[in-house]
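S.K.: Sequence first, predicted coordinates after that:
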Amino acid sequence: MAAMRHVSSPRLLGVRMPIQRASIRVLACASSCTSAAKPSAAHSIVSVSIPDLQTNAVDRCLEYDMSLYTPIDVPGVGKIGCVCSPVAEALAAHPSVFHVDVQTQLVTMRRELDTFEKRTEAMVDVANDLKARGFLGKWRDELFPATMGFDDEPAFAVERAVVSLLGLRGYGVHANGLVRDESAPGGYRLWVGRRAADKATWPGKLDHLAAGGQPLGLDPYVNMVKECGEEAGIPPELCEKGLHAAGAVSYRLGETHTRMVDGASKGVATATEVHTLKRDVLFVYDLELPADFTPVPVDGEVESFELMDLQTVVNLIAETEEFKPNVALVIVDMLVRRGIVTAESKGYLKLIKSLRLIDCA
């Protein structure tokens with residue numbers, strides 16, 4: 001097993017040797033630049049299997065069945081989201097907000113709700129009702145924009161917990177926490193978090209140094225600095241020195257949850273399959289940290305951090321499901337940008353295309 005530095009309550013991770021079939025050995029990146037990487041013979045090499053990264057990282061974030069969902073249309077804006085049948089039935093209980101047409105399979109927001117303010121106010125009652133009926137997971141008390149695209153004016157704002165339930169576009173920020181180490185494969189090590197066991201989503205999975213949803217009214221860079229401080233105790237001055245924007249990735253992931261839902265609002269809850277849809281764009285950052293800095297769990301989102309070499313990270317992504325799916329996606333993007341995954345192996349262009357294949361708007 002490759003060496004790791006442990007912080008807090010580390011767990012041993014079983015890592016098999018890199019898969020040899022269809023694998024390549026390439027020179028890693030010496031540059032701290034977040035764009036094109038420059039190979040350096042001084043660095044040891046990382047063994048990478050593009051087919052395994054494609055299957056176990058990228059494709060895991062592209063699993064969905066659109067036949068499970070009914071579109072939501074906002075007049076004058078467009079088809080902004082989609083919902084599964086039980087949620088459509090719940091929205092029909094709000095006729096002043098939505099019209100649900102069973103024949104045309106379309107949920108339409110009322111035309112008289114023609115401003116951001118009117119729609120946002122109407123959605124407060126809808127969100128609270130969905131919570132009361134049992135459709136939602138953890139309530140977040142954060143407003144997220146409902147929008148056709150990041151640069152478009154939002155149609156309305158809504159509680160974060162509702163975003164994937166309504167199939168709305170979601171946005172977030174992720175930071176690759178890198179430490180330069182000339183002796184390590186690839187010339188860098190990566191800080192990896194272990195999600196808390198009581199997290200509502202993906203408990204116990206491996207995560208980024210810092211990441212978070214993109215709320216209404218906050219710039220992505222400012223949000224990323226905030227998340228670095230809240231989740232890993234990283235002071236703003238280290239972000240100012242080492243945090244660099246590195247693009248974006250996008251994905252579409254359908255998830256099925258069994259929840260106790262009072263679908264008819266009669267005070268009787270029954271086990272119901274609820275299909276959500278994550279249509280997410282993640283703004284990616286690389287944060288190069290000094291070797292003498294150790295992140296510390298602050299807000300309880302993660303229980304520990306481990307400093308892993310890139311070969312260990314690649315093995316875990318290619319051979320296991322230890323990483324939270326969208327985290328693996330962002331790491332694969334970083335491996336491409338830094339020249340660790342290159343065009344000398346079959347599947348390179350497919351992998352790159354898959355990183356921004358859907359909903360990158």
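M.R.: Thanks, I have the structure now.

S.K.: Spatially, which residue comes closest to Asn56, not counting chain neighbours?
M.R.: Spatial nearest neighbour of Asn56, chain neighbours left out: Ala318 (5.7 Å); criterion: C-beta to C-beta, 6 or more residues apart in numbering. From N, CA and C alone the C-beta is placed, and that goes for glycine too.

S.K.: wait, what's in contact with the residue nearest to Arg119 when sequence neighbours are not counted?
M.R.: Once flanking residues are discounted, Arg119 sits nearest to Phe156: 3.5 Å by C-beta to C-beta, 6+ apart. Residues near Phe156 by C-beta atoms under 8 Å, 6 or more residues apart in numbering: Val74, Phe116, Arg119, Thr120, Ala122, Met123, Pro145, Ala146.

S.K.: Mind checking which of these are buried?
M.R.: Among the contacts of Phe156, those classed as buried by 16 or more other C-beta atoms under 10 Å are Val74, Arg119, Thr120, Ala122, Met123, Pro145, Ala146.

S.K.: List the ones among these that fall in strands.
M.R.: Using DSSP state E, the members of these that fall within strands are Val74, Pro145, Ala146.

S.K.: how about those residues in TSV, adding pLDDT and distance to Pro51?
M.R.: Listed next are these as TSV, based on pLDDT from 0 to 100; distance: C-beta to C-beta, whole Å:
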residue	pLDDT	distance to Pro51
Val74	98	41
Pro145	97	37
Ala146	98	37
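
S.K.: what's the closest of those residues to Gly213?
M.R.: Top of the list for closeness to Gly213, among those and by C-beta to C-beta, is Pro145 at 10.8 Å.

S.K.: tell me the SS of the closest residue to the closest one other than its chain neighbours?
M.R.: Nearest residue to Pro145, sequence neighbours excluded (C-beta to C-beta, 6+ apart): Pro154, at 3.6 Å. At Pro154 the chain is in coil, as set by DSSP: H, G, I helix; E, B strand; the rest coil.

S.K.: just checking, Pro154 touches Leu216?
M.R.: Yes - look at Pro154 against Leu216 with C-beta atoms under 8 Å: they come within range, at 7.0 Å.

S.K.: Of the two, give the one with the bigger neighbour count.
M.R.: Pro154 (22 against 16; other C-beta atoms under 10 Å).

S.K.: List the contacts of the more buried one.
M.R.: Phe116, Pro145, Ala146, Thr147, Leu216.

S.K.: Thr320 versus that one, what's the distance?
M.R.: Pro154 sits 38 Å away from Thr320, going by C-beta to C-beta, to the nearest Å.

S.K.: same deal with Leu238?
M.R.: Relative to Thr320, and taking C-beta to C-beta, Leu238 is found at 30 Å.

S.K.: related to what we said a few turns ago, between the contacts of Phe156, which is nearest Gly186?
M.R.: Distance to Gly186 across the contacts of Phe156 (C-beta to C-beta) is lowest for Pro145, with 36.8 Å.

S.K.: Is that closest one bridged to anything, and to what?
M.R.: Per DSSP bridges, the residues bridged to Pro145 are Ala157.

S.K.: pretty sure it is touching Ala157, no?
M.R.: Yes - counting by C-beta under 8 Å, Ala157 is a contact partner of Pro145 at 5.9 Å.

S.K.: Could you tell me which residues touch both of the two?
M.R.: Contacts common to Pro145 and Ala157, judged by C-beta under 8 Å, 6+ apart, are Leu216.

S.K.: if we can go back for a sec, can I get the contacts of Phe156 in JSON lines with distance to Tyr221?
M.R.: Output for the contacts of Phe156, formatted as JSON lines (distance: C-beta to C-beta, whole Å):
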{"residue": "Val74", "distance to Tyr221": "29"}
{"residue": "Phe116", "distance to Tyr221": "24"}
{"residue": "Arg119", "distance to Tyr221": "28"}
{"residue": "Thr120", "distance to Tyr221": "25"}
{"residue": "Ala122", "distance to Tyr221": "32"}
{"residue": "Met123", "distance to Tyr221": "28"}
{"residue": "Pro145", "distance to Tyr221": "17"}
{"residue": "Ala146", "distance to Tyr221": "23"}
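
S.K.: Widest-spaced pair of those residues?
M.R.: Top of the distance list for those (C-beta to C-beta): Ala122 and Pro145, 15.5 Å.

S.K.: Not counting stretch 226-239 itself, show me its contacts.
M.R.: 173, 175, 177, 191, 193, 209-212, 218, 224-225, 243, 287, 289-290, 293, 295-299, 301-302, 305.

S.K.: Could you work out the end-to-end span of that stretch for me?
M.R.: End-to-end span of stretch 226-239 (C-alpha to C-alpha, to the nearest Å): 10 Å.

S.K.: Then stretch 254-267?
M.R.: Start-to-end, stretch 254-267 (C-alpha to C-alpha) is 28 Å.

S.K.: quick one: average confidence on that stretch?
M.R.: Across stretch 254-267, pLDDT averages out at 87.
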